[in-house]
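In: 3D, please:
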Amino acid sequence: MTRTEKEQFSAYMAAVFAPPDETLLAELEKEGTSLLAEGEISLAGLKGEYHRLFSNVSGEKISLVESTYKPWTSDPNCPLGFSREKGFLLGDCALHIQNIFQALNLSVPADFRGTPDHVVLELELLSYLYRFASEEQIRRFIKDHLDWIPSLRNEIQKAKAGFYIVAAERLIHFLNQEIQFSKESQNES
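Out: Model (predicted):
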């Protein structure tokens, strides 16, 4: 894949993990994607599945936020009793994402201020990095911030959510290819 294709794929996957809308459905149909391999998909069906899986109100409540999959902090001097526990928002990784946004003179959208490490924002940021960053910066971002996607996929698999399982698998495949490409590039240097 070219960098432009990787940029577009990352933006596309961000849209897949955002609340479904007409634009996503049109993109899925236009692409004739393997994500549609789960059969006929309607907007109402996608919205229902998204709500069932990712809603805070009801359903499976699968988190789309990196911080919830990792220990809250790696600071050995943190006196808080829950510092090494998982399941909390605004952990070290969220603060790091906020710092990346600041360094790039970008702002975290209002809807994500409490969850700057939401998968949608991370994938949009990855798309941005493919356009403007070095291979090393992209590799580092994937290693530091998208290593939790297999855990997300596992949660989605437990919920038996066909469309989102395929989406997570496709994203993991892409990330694994990028990691492999990065390793090969480093070995050639």
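
In: quick one: low-confidence ranges for this structure?
Out: Low-confidence segments of the chain, defined by pLDDT under 70: 32-40, 57-59, 182-189.

In: can you do 80?
Out: Low-confidence segments of the chain (pLDDT under 80): 29-41, 56-60, 85, 181-189.

In: Buried residues, the longest helix seen in the chain. List them.
Out: What stands out as the longest helix in the chain, according to DSSP state H, is helix 162-188. Using 16 or more other C-beta atoms under 10 Å as the test for burial, helix 162-188 gives 162-171, 174-175, 178, 182. The C-beta positions use only the backbone N, C-alpha and C, and glycine is treated the same way.

In: Residues contacting the helix or strand hosting L28, please?
Out: Per DSSP states H and E: L28 is located in helix 22-31. For helix 22-31, contacts defined as C-beta atoms under 8 Å, 6 or more residues apart in numbering pick out 12, 15-16, 18, 35-36, 41-43, 46.

In: Now do the same contact list for the residue positioned nearest the centre of the chain.
Out: For the chain, the residue sitting closest to the mean C-alpha position, by C-alpha atoms, centre = their mean, is V119 at 2.9 Å. Taking C-beta under 8 Å, 6+ apart, we find V119 in contact with 14, 17, 64-66, 149, 152.

In: Neighbour count, distance to R139 and secondary structure for the residues you listed - can I get that in JSON lines?
Out: Supplementary listing: the contacts of V119 in JSON lines, determined by neighbours: other C-beta atoms under 10 Å; distance: C-beta to C-beta, whole Å; DSSP: H, G, I helix; E, B strand; the rest coil:
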{"residue": "A14", "neighbour count": "19", "distance to R139": "19", "secondary structure": "helix"}
{"residue": "F17", "neighbour count": "22", "distance to R139": "22", "secondary structure": "coil"}
{"residue": "L64", "neighbour count": "20", "distance to R139": "23", "secondary structure": "coil"}
{"residue": "V65", "neighbour count": "25", "distance to R139": "23", "secondary structure": "strand"}
{"residue": "E66", "neighbour count": "29", "distance to R139": "17", "secondary structure": "helix"}
{"residue": "I149", "neighbour count": "24", "distance to R139": "15", "secondary structure": "helix"}
{"residue": "L152", "neighbour count": "23", "distance to R139": "20", "secondary structure": "helix"}
